[in-house]
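Novice: got a predicted model here, sequence first, then my questions.
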Amino acid sequence: MKLGVIVGSLRRESFTRKIAQNVARLLPADVTVEWVSIDMPMYNQDLDDDGMPPQSWVDFRATVKSCDAYLFVTPEYNRTLPPVIKNALDVGSRPMGQNAWGGGKRGAVISVSPGAVGGFGANHTLRQAVVFLDITMLQQPEMYIGGVAKLLDENGRTDERTTEFLQKFVDRYVAFIHHD
């Protein structure tokens, strides 16, 4: 099982990336992680229509298609999802009729925030978008990680309580993606 992990932050020291790395360490051996890069130019349909999509789009679409399931780990920007994730959804769903995300693959979202709400807005905005892309999303447990700066040590590792919380999510998600 190849799990495409999409991290919605491009920062080197991103809290979101650190949470995603902690989750990846908790996955069973039969799940391999594909870290999907979303650092690419903004979608412009003219480039597809003219047959000149950037190579990063071509590579991204191929990577997305090769994954069996997806895990979105996102921060919240202004009560919604970051533009890099929205752009990735758009690039992967185009050109029309060639949705790389499609096929009813399974997905989940973890939202991360230094604030107390835990990225609720980003989490639900992302869920709304991916349903249209034919990704079947894990409904429970919902994963909102607030106060993230206090949950990570100097090496980016989560504290014991957070690790246990993430493990429960991982166990449930792995069962969900393996279910026929």
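Specialist: Cool, the structure landed. Since this is a predicted model, take the numbers as computed values, not measurements. Numbering: from 1, shown residues only.
Novice: packing partners for the longest helix belonging to the chain?
Specialist: Using DSSP state H, we find that the single longest helix of the chain is helix 160-178. Helices and strands touching helix 160-178, by 3 or more Cβ pairs under 8 Å, 6 or more residues apart in numbering; DSSP states H and E, are helix 15-26, strand 106-112. Yep, even glycine has a C-beta here, placed from its N, CA and C like the rest.
Novice: which stretches of this protein form helices?
Specialist: 15-26, 45-49, 55-66, 83-93, 120-132, 160-178.
Novice: do me a favour and average the pLDDT over the fourth one.
Specialist: The reference is to helix 83-93. Average pLDDT, helix 83-93: 97.
Novice: same question, the first one
Specialist: In this model, helix 15-26 has an average pLDDT of 97.
Novice: helices or strands up against that helix?
Specialist: strand 2-7, strand 69-75, strand 106-112, helix 160-178.
Novice: now it and strand 2-7, what's the angle there?
Specialist: 160 degrees (axes from the mean of the first three to the mean of the last three Cα atoms, to 10 degrees).
Novice: name the residues of helix 15-26 that are buried.
Specialist: Residues Phe15, Thr16, Arg17, Lys18, Ile19, Ala20, Gln21, Asn22, Val23, Ala24, Leu26 are the ones in helix 15-26 that count as buried (16 or more other Cβ atoms under 10 Å).
Novice: make CSV out of those residues and add distance to Val5.
Specialist: Listed next are the buried residues of helix 15-26 as CSV, based on distance: Cβ to Cβ, whole Å:
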residue, distance to Val5
Phe15, 15
Thr16, 11
Arg17, 10
Lys18, 13
Ile19, 11
Ala20, 6
Gln21, 9
Asn22, 12
Val23, 8
Ala24, 7
Leu26, 12
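Novice: perfect, I'm done here.
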